[in-house]
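Novice: Sequence and predicted structure, then a few things I'm wondering about:
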Amino acid sequence: MKSRRLRQGVWAVVLLALSGISAATEQIPDRIRIAGQDYVLPAEPLAPVLNDAATWRRLTNALGPAMGSCTANWRGYMARWSVREDMLYLESMVAHACRQPEEPLAIDALFPGQQGPLAASWFSGDLAVAQGEPGTNVHMGYSTTYPRYLLLRVDAGRITGRHLVTHDELMRLHDEARARPRTP
């Protein structure tokens, strides 16, 4: 049952990671720290929050007119996450991730009055955390392949499951999820 639920939730993460963005430049992914190690997180745990029109306006106001001006960072930010004591946290954000030096983006631009680390209680779903050396990519979306992925099952910010899969297993899960009928 646990494996089935994990597969069911994976499709959204994988679809996002593989769907690409119309630009022909691979996007700068978020980063996540787990047990003292940094990993690539080719997912967007802030997406549920940014679906709110008021939150989206606060983000675009904070980023200003240069939002999306870099083809490797259309969304205008990069977030840093961590997992501690089985909880997902938003640690910090960077505006215009292509620029150097990095330009901090205050977390309260999205969550007024809050600062990091902030428990990601808004997020439920699966996150595929890239593991190992990067492989090939097709220069779109989050297309770089990795040999393994740590699938994190998240329920209201709490990590409720972990499962290590190969790239091929992740693609199989993706295919199975896409083949299932979607319910409204």
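Specialist: Everything's here; your move.

Novice: hey, which helix or strand in the chain has the poorest pLDDT?
Specialist: Scoring the helices and strands of the chain by mean pLDDT, DSSP states H and E places helix 2-19 at the bottom, with a mean of 38.

Novice: List the contacts of the helix or strand following that one.
Specialist: Following helix 2-19 in sequence order, the next helix or strand is strand 30-34 (DSSP states H and E). With CB atoms under 8 Å, 6 or more residues apart in numbering as the test, strand 30-34 has contacts from 38-45, 78-83, 91, 127, 129, 150. No exception for glycine: its C-beta is placed from N, CA and C like everyone else's.

Novice: one more time with 10 Å
Specialist: Residues from elsewhere that reach strand 30-34 (CB atoms under 10 Å, 6 or more residues apart in numbering): 38-46, 75, 77-84, 88-94, 97, 127, 129-131, 142, 150, 152, 159, 162.

Novice: ranges for the helices of the protein?
Specialist: Counting by DSSP state H, the chain has helices at residues 2-19, 47-50, 53-63, 167-179.

Novice: in the protein, which residue is closest to the centre?
Specialist: Compute the mean C-alpha point of the chain, and by CA atoms, centre = their mean the closest residue is residue 43, 2.3 Å away.

Novice: Let me know whether that residue touches residue 125 as I believe.
Specialist: Yes: using CB atoms under 10 Å, residue 43 is in contact with residue 125, at 8.6 Å.
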